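whatever this is, show me its structure:
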Amino acid sequence: MYPVCIRYVGDREVAQDILQDGFVTLFSRLDSFKGEGSFDGWARRIFINTALMYLRKKDALKMSDELENARHLSSDIADQMDNIGYKELMKLVTSLPPGFRTVFNMYVIEGYSHREIAEILGITETTSRTQLSRARIWLQNRIKAKGR
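Below you'll find the model as predicted:
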């Protein structure tokens with residue numbers, strides 16, 4: 001669950017704190033697991049919610065507009081993706097601005113719908129879609145810069 005925490009907060013020390021808080025929550029709610037679905041999925045949800053609570057407390061979910069000249073996308077991004085490994089890509093994901101990173105993780109990695117993201121984060125579906133789009137642009141620009 002540590003990688004899940006890192007993906008959401010982007011900081012290893014904070015992720016360790018969230019991991020610990022998540023385990024405290026998991027063990028205190030262990031009796032509420034009814035065996036419906038996988039234990040892994042149930043536990044993952046606890047850690048995601050713990051990370052989201054941390055981000056809410058820090059006001060990190062205010063959706064930032066740090067596009068940093070992210071208007072022009074490279075048409076050869078697929079070629080550049082071939083030259084980037086999983087670890088390097090996950091490093092880029094953890095370096096996304098908090099609002100972008102949160103929506104990206106929830107939609108792309110965890111499989112939440114924009115409706116679910118909007119309900120969980122207290123934003124509109126349009127904001128969720130916009131943040132995902134901006135996160136993708138941000139990542140594409142970073143991948144393009146690494147490919148030079």
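
residues in contact with stretch 108-126?
7, 44, 48, 52, 61, 63, 102-103, 106-107, 127-129, 131-132 (C-beta atoms under 8 Å, 6 or more residues apart in numbering). The way it works is simple: take the backbone N, C-alpha and C, and place the C-beta from them, glycine included.

which residues of the chain score low on pLDDT?
Within the chain, the stretches falling below the threshold (pLDDT under 70) are 60-84, 147-148.

need the helices for it, in chain order.
According to DSSP state H, the chain carries its helices in the segments 2-9, 12-28, 39-57, 77-81, 86-94, 98-104, 114-121, 125-146.

residues of the first one that come out buried?
By neighbour count with 16 or more other C-beta atoms under 10 Å, helix 2-9 contains the buried residues 4-9.

alpha carbons of it, as CSV, please.
Once non-C-alpha atoms are left out, helix 2-9 reads as follows in CSV (Å, rounded to 0.1, in the frame of the first residue of the first chain):
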residue,chain,number,x,y,z
TYR,A,2,3.0,2.2,0.3
PRO,A,3,3.2,2.9,-3.5
VAL,A,4,-0.5,3.9,-3.4
CYS,A,5,0.3,6.5,-0.7
ILE,A,6,3.3,7.8,-2.6
ARG,A,7,1.3,8.2,-5.8
TYR,A,8,-1.3,10.4,-4.0
VAL,A,9,1.0,12.6,-1.9
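
name the helices or strands packed onto that helix?
On a contact count with 3 or more C-beta pairs under 8 Å, 6 or more residues apart in numbering; DSSP states H and E, helix 2-9 meets helix 12-28, helix 39-57, helix 86-94, helix 98-104.
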